[in-house]
Each structure stands twice: as structure tokens, then as C-alpha cells.
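**Student:** requesting a structural model of the entry that follows:
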Amino acid sequence: MTTRVLYTAVLLLGLSACASGPQGQGGKPPTEERIADAATAPLADLNLVKAKIPELLLRAQEQPYQAPAERSCAALQAEVRALDEVLGPDVDAPRHKQGSASERGGEALGDAAIGGLRGATEGLLPFRGWVRKLTGAERYSRQVAAAVAAGMARRSYLKGMGQPQACEFVPAPPPAPQTP
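**Tutor:** Predicted coordinates for the structure are as follows:
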């Protein structure tokens, strides 16, 4: 088991340069961050390492549909950009460019290697599901997921508020249907 983790880690280090750019691709976190998350999975399962919930998402969770104080396009765009930084690109964001076959293959291989590392490290903890429940890690995971869902709802709400004003978001919202 330890040998498998070591081999996977060595493979990841070798692939990290080609699997992702410095800021990640396609909305993914950078490769180094993904490797660290996979390697520390048992610590998260024991509730010893927690991903901090950003303040912006906590505020969104309190009142996701509260109208902003300022409703100008600039204010709406600024809040949507802040949410994009925390949540990653929205579902309507343009996809990253398709690279060459070797770049796509390197990215896929890197993703597989990171998945292998995560699987190996998660497999180190016996009765992982029960451990997560007993340590509170499962409850915290649900809190993080709820905050992310509230942030996504807030972003959608803000984009909807900007549509009648013809605010341009990246990408721009679809035009409103014309009524005769």
C-alpha cells in the first residue's frame, strides 16, 4: 500500500508540469493544490485539516437573494467577478481552448494520477465513512457544500438582476425574448 502511494506521488510530480498551468485549466485548481488536497485527504477525514469557507460564501448563505445596495451594472459585475474567483467559472463560461493531443493526454494522465493518489490516501483510513461521521468531517463537508450552493444561487440571482439593464457579464446573458 505504501509503495503504491509513493509510486503515485512520484508519477504526479513528474506530470505536474504538463497537467496544468500555474492557475489551473478549465476551472480546476492548480495541479499543486490538487496534489496537496489528495495527499491530505486522511487528515481532512479526521477533521484535522479544514478548507476555510470564504466570507463571501458565508454572506451569500445568509441571504442569497437579497438585492444589493447598489444595482448598477458595475456593482453587479464586481460582485459576480468576486463570486467567480471563489467558486470558479460559471456553467455558461467559455471552455478553455482545446490543446494538442499530447496536451490533452497529459492533462488526462495528470487527472488520473491525482485520482489514484486520492484513492490511495483515502484507502489508508479503515472505516472511513464512520470516521468522517464521528470526527465531524462529514458535517463540515455538508456545510461547505451548502455555502457553495448558496454562492452559486447568489451569482445566478445577480446575473438575472443585470439582464434587464443589459449588463454584460462574461459571458453575456442571453437576450430577453421579444414580445410583439
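
**Student:** quick one: which helix or strand includes the nearest residue to residue 141 once chain neighbours are set aside?
**Tutor:** Excluding the flanking residues, the one nearest residue 141 by C-beta to C-beta, 6 or more residues apart in numbering is residue 132, at 7.6 Å. Every residue, glycine included, has its C-beta placed from N, CA and C. Secondary structure assignment for residue 132, by DSSP states H and E: helix 128-135.

**Student:** same question, residue 156
**Tutor:** Applying DSSP H and E, one finds residue 156 within helix 137-162.

**Student:** then residue 84?
**Tutor:** helix 73-87.

**Student:** please compute how far that helix lies from its chain's middle.
**Tutor:** What separates the centre of helix 73-87 from the centre of its chain is 16 Å, taken as C-alpha atoms, centre = their mean, to the nearest Å.

**Student:** give me the helices and strands touching it, please.
**Tutor:** helix 55-62, helix 137-162 (3 or more C-beta pairs under 8 Å, 6 or more residues apart in numbering; DSSP states H and E).

**Student:** could you check the angle helix 55-62 makes with it?
**Tutor:** 110 degrees (axes from the mean of the first three to the mean of the last three C-alpha atoms, to 10 degrees).

**Student:** following helix 73-87, which helix or strand comes up?
**Tutor:** That would be, after helix 73-87 and using DSSP H and E, helix 101-122.
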